[in-house]
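In: here is the input, now give the coordinates:
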Amino acid sequence: MIYDYLINNGWIIDGTGNPWYKATLAIKGHRIASIGNIAATQADKVIDATGLIVAPGFIDIHQHSEIHLIIHPQAESLLKQGITTVLCGNCGWSAAPISEQNIELVYSPWWPQEITPNWRTFNQFFNIYESRGIAVNIANLVGHGWIRGASCRRARPHATRDIRDGVRRVRAARVRGACPGLPAQAIR
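Out: Predicted structure coming up:
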């Protein structure tokens, strides 16, 4: 067979802003191979999408699932909603950096008790994702609360120099591709 799957009779919304249209979508491996009028005999499996919408995966730009994805790498709750990409590290919280100054955040009630962090940096954390085979695409912001916590004790409200040093480390991590940026609420 030419294709692994055909999705027939669905209304295709392609994400470009164009109106939806009815067509057959062909998949080979993990990629869309063709869209158009394709004979059902050209695929190993045919999926009837009559009355359904066929669309690219959705992006959830406000997630807090970075740790939960280690526990549930199949990400079924996300994929069943059509979410294929998540942006984590919102609201000042992130999975890294972890230091002696902010390790107490890990043991707060909202951190899953099944996970004891054996990482300190985002690169170490992403290695765990790689080893678990996370089923969705993920981008992580660096939580400003964690930068502050990793840079200085929380009891020092005006530790400007330490925080600036932490921000410098974040910028260096961005250059290496470890994270795309800071959450917007960190910018004041």
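In: pLDDT weak spots in this structure?
Out: 148-188 (pLDDT under 70).
In: please, where are all the helices along it?
Out: 68-71, 76-79, 103-106, 122-132, 144-151, 160-175 (DSSP state H).
In: just checking, what packs against the third one?
Out: The elements that helix 103-106 packs onto, with contact taken as 3 or more C-beta pairs under 8 Å, 6 or more residues apart in numbering; DSSP states H and E, are helix 144-151. Where you see a C-beta, it was placed from the backbone N, CA and C, and this is true even at glycine.
In: the nearest residue to residue 62 once chain neighbours are set aside: what's it in contact with?
Out: Leaving aside its chain neighbours, residue 62 sits nearest to residue 90 (5.2 Å; criterion: C-beta to C-beta, 6 or more residues apart in numbering). Listed by C-beta atoms under 8 Å, 6 or more residues apart in numbering, the contact partners of residue 90 are 62, 63, 64, 141, 143, 183.
In: what of residue 136?
Out: By C-beta under 8 Å, 6+ apart, the contact set of residue 136 is 69, 75, 78, 79, 83, 84, 85, 86.
In: quick check, central residue of the protein?
Out: In the chain, the residue lying closest to the centroid (C-alpha atoms, centre = their mean) is residue 138, at 2.0 Å.
In: compute the number of surrounding residues for the closest residue to it other than its chain neighbours.
Out: Take residue 138 and drop its neighbours on the chain: the residue closest to it by C-beta to C-beta, 6+ apart is residue 86, 5.3 Å away. Residues within reach of residue 86, counting by other C-beta atoms under 10 Å, total 23.
In: pretty sure residue 86 sits against residue 140.
Out: No - here residue 86 lies out of contact with residue 140, judged by C-beta atoms under 8 Å, at a distance of 9.2 Å.
In: now the common contact residues for the two.
Out: Common neighbours of residue 86 and residue 140 (C-beta under 8 Å, 6+ apart) do not exist.
In: tell me how far residue 29 lies from residue 3.
Out: 10 Å (C-beta to C-beta, to the nearest Å).
In: more neighbours, those two?
Out: Taking other C-beta under 10 Å, residue 29 and residue 3 do not tie; residue 3 has more neighbours (20 against 7).
In: residues contacting that one?
Out: 26, 27, 28, 33, 34, 38, 42, 43, 44.
In: nothing else from me, thank you.
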